[in-house]
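> Structure, please.
(one chain, ligands or ions: 2)
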Amino acid sequence: MLDIPRLQAWYGDKDAVYTYSKMTLQPLNWTATLQILKKRVSEFCQHDFNAMLANCYRDQRDSVSWHSDDEPELGFQPLIASLSFGCEREFHFKHKVSGESYKLPLQSGSLLVMSGDTQKNWQHAIHKTRIEKPMRINLTFRNIQ
Ligand SMILES: O=C(O)CCC(=O)C(=O)O
Ligand SMILES: [Mn+2]
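Ligands and ions are numbered 1, 2, ... in the order given. The predicted structure is shown next:
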């Protein structure tokens, strides 16, 4: 068993249980602030969310490795909306077949929306960096079926 290289918390409606990377996450109750954010993101995306995975990258040594958010409980063509807070983060995309890659700078307060075939065709990651980075937080709103 290894520690994941970041802090993580799972919030959601009571039945929004998520199995991810061999972990089963039971949801914490929505806080008042999270409910406001969920409503605003939901109105912007015209999409309902019943859960949110929060990630905290404590410094430049924290990361999330290449993956797609394609667990069966996220359903077909999942829409995932990701809010960033703290210093600018580089969000990396890599195409699963061609290997084509992009990096997207995400500023504090920005909203990244992944939808359609994004999870089917692309992986994403936040890399560790050599340059010192202060704490960054990301809230990814999802819908568990
Ligand atoms: O920090 C991010 O923006 C990515 C987090 C992520 O990919 C995830 O929680 O599945
Ligand atoms: Mn992800």
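
> buried sites along the helix or strand of the chain with the lowest mean pLDDT?
Lowest on mean pLDDT, DSSP states H and E among the helices and strands of the chain sits strand 18-20, with a mean of 80. Residues residue 18 are the ones in strand 18-20 that count as buried (16 or more other Cβ atoms under 10 Å). For the C-beta atoms, the positions are set from N, CA and C on the backbone; glycine is no exception.

> Sheet partners, orientation included, of that strand?
Applying DSSP bridges, strand 18-20 is found paired with strand 23-25 (antiparallel).

> Could you pull up the contacting residues of residue 92?
101-104, 124-127 (Cβ atoms under 8 Å, 6 or more residues apart in numbering).

> Buried among those residues? Make that a ChimeraX selection.
For the buried members of those, the matching ChimeraX selection, counting by 16+ other Cβ under 10 Å, is:
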select :124,125,126
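
> Output the contacts of residue 92 in CSV, with secondary structure and pLDDT appended to each entry.
CSV is the format used below for the contacts of residue 92 (DSSP: H, G, I helix; E, B strand; the rest coil; pLDDT from 0 to 100):
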residue, secondary structure, pLDDT
101, strand, 98
102, strand, 96
103, strand, 97
104, strand, 97
124, strand, 98
125, strand, 98
126, strand, 98
127, coil, 98
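
> of the contacts of residue 92, list those near ligand 1.
Filtering the contacts of residue 92 for proximity to ligand 1 by Cβ under 6 Å from any ligand atom leaves 124, 126.

> related to what we said a few turns ago, how far out from the middle of the chain is the least confident helix or strand of the chain?
Offset of strand 18-20 from its chain centre (Cα atoms, centre = their mean, to the nearest Å): 13 Å.

> do the same with stretch 106-122
Put simply, stretch 106-122 sits 9 Å off its chain's centre (Cα atoms, centre = their mean).

> Would you mind measuring the gap between the ends of that stretch?
Start-to-end span of stretch 106-122 (Cα to Cα, to the nearest Å) is 18 Å.

> tell me which parts of this protein are close to ligand 1?
Within the chain, the positions lying close to ligand 1 (Cβ under 6 Å from any ligand atom) are 53, 55, 64, 69, 82, 91, 124, 126, 138, 140.

> can you tell me the residue of the chain closest to ligand 1?
Distances between the chain and ligand 1 by Cβ to the nearest ligand atom are smallest at residue 138, namely 3.6 Å.
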